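Enquirer: got a structure for you, letters missing:
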């Protein structure tokens, strides 16, 4: 695999995983549109390891504080918003349960039958419209200090729907939080925290499966390392940008992007891929 392709796909993974525009749809179509060979499962694992590394690095202090609070302890420096909700770690654990169940039940469908352009294009459009509705109707007055059991369950169920290609984990969970009237930045923060266990679990299982199959092939080792490093660094930057962006802006740009891209994907599905 040429290194420039490894770099491009790693950047694309970071952008589309953390922005609400669906990484699955972009990574499934990018090699075809660019005329590249499918990088295969090994490189996909590298990208997911990099994604998890970006989340772990950016939210390290958050996870440290949440764990300390759950154990009844306090850190020297605490984030006031998180400190006001000592149950947040347990709420994250509860909200993570639905995606674990749907992943177990529907993983094979998500990686085969559902990974088709027509479905992905439709989900890009439908979830885009849902994001628009949530963004327009939300009163955006709550933060994570007030997140409760009902909020966690609704956002957790929304994350479970992200197993369908084209939905976007961040897009659907942020929308669910906006329907509960959370501020945009708080909604995105909870979305990223919630995605960490799911992505980490999936990446760990994939890595163990790869190790059991003989590990990273020699010809893929350089591309594998490049994929992990580039997706991790780029992912950290994208998270920082997106959280700052949502403090001042709406989701409108991402809604329009999803609608345009979804229409393009459906057009391809009805012509080229038919």
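Expert: Now that the structure is in, tell me what you want to look at. Because the structure is a prediction, the values reported are computed rather than measured. Numbers count the residues shown, from 1 in each chain.
Enquirer: got a list of what residue 29 touches?
Expert: Applying C-beta atoms under 8 Å, 6 or more residues apart in numbering, we find residue 29 in contact with 117, 120, 265, 268. To be clear about C-beta, it is placed using only N, CA and C from the backbone, and glycine gets the same treatment.
Enquirer: So what touches stretch 162-170?
Expert: Contacts to stretch 162-170, defined as C-beta under 8 Å, 6+ apart, come from residues 17-25, 28, 99, 102-103, 106-107, 110, 114-115, 119-124, 127, 159, 161, 172-173, 188, 191-192, 195, 198, 258, 262, 265.
Enquirer: Show me just the buried residues among the residues you listed.
Expert: Among the contacts of stretch 162-170, those scoring as buried are 17-25, 28, 99, 102-103, 110, 114-115, 119-124, 127, 159, 161, 172-173, 188, 191-192, 195, 198, 258, 262, 265 (criterion: 16 or more other C-beta atoms under 10 Å).
Enquirer: Mind checking which of those land in helices?
Expert: 17-18, 23-25, 28, 99, 102-103, 110, 119-124, 127, 159, 161, 172-173, 188, 191-192, 195, 198, 258, 262, 265 (DSSP state H).
Enquirer: If we only consider the contacts of residue 29, which is nearest to residue 181?
Expert: Lowest distance from residue 181 to the contacts of residue 29 (C-beta to C-beta) belongs to residue 120, with 30.0 Å.
Enquirer: How about the closest one, nearest residue that isn't a chain neighbour?
Expert: Nearest residue to residue 120 in three dimensions, chain neighbours excluded: residue 166, at 3.6 Å (C-beta to C-beta, 6 or more residues apart in numbering).
Enquirer: now the one you found, what's its secondary structure?
Expert: Three-state assignment for residue 166 (DSSP: H, G, I helix; E, B strand; the rest coil): coil.
Enquirer: what about it, how many neighbours?
Expert: Neighbour count of residue 166, defined by other C-beta atoms under 10 Å: 31.
Enquirer: Against residue 12, how distant is it?
Expert: 15 Å (C-beta to C-beta, to the nearest Å).
Enquirer: repeat for residue 83
Expert: Residue 83 sits 37 Å away from residue 12, going by C-beta to C-beta.
Enquirer: Would you mind listing the buried residues in the helix or strand where residue 232 lies?
Expert: Using DSSP states H and E, the element containing residue 232 is helix 221-246. Within helix 221-246, the residues scored as buried using 16+ other C-beta under 10 Å are 223-224, 226-239, 242-243, 245-246.
Enquirer: measure residue 271 to residue 264 for me?
Expert: Per C-beta to C-beta, residue 271 is found 11 Å from residue 264.
Enquirer: So these two - more neighbours on which side?
Expert: Taking neighbours as other C-beta under 10 Å, residue 271 and residue 264 compare with residue 264 leading, 15 against 8.
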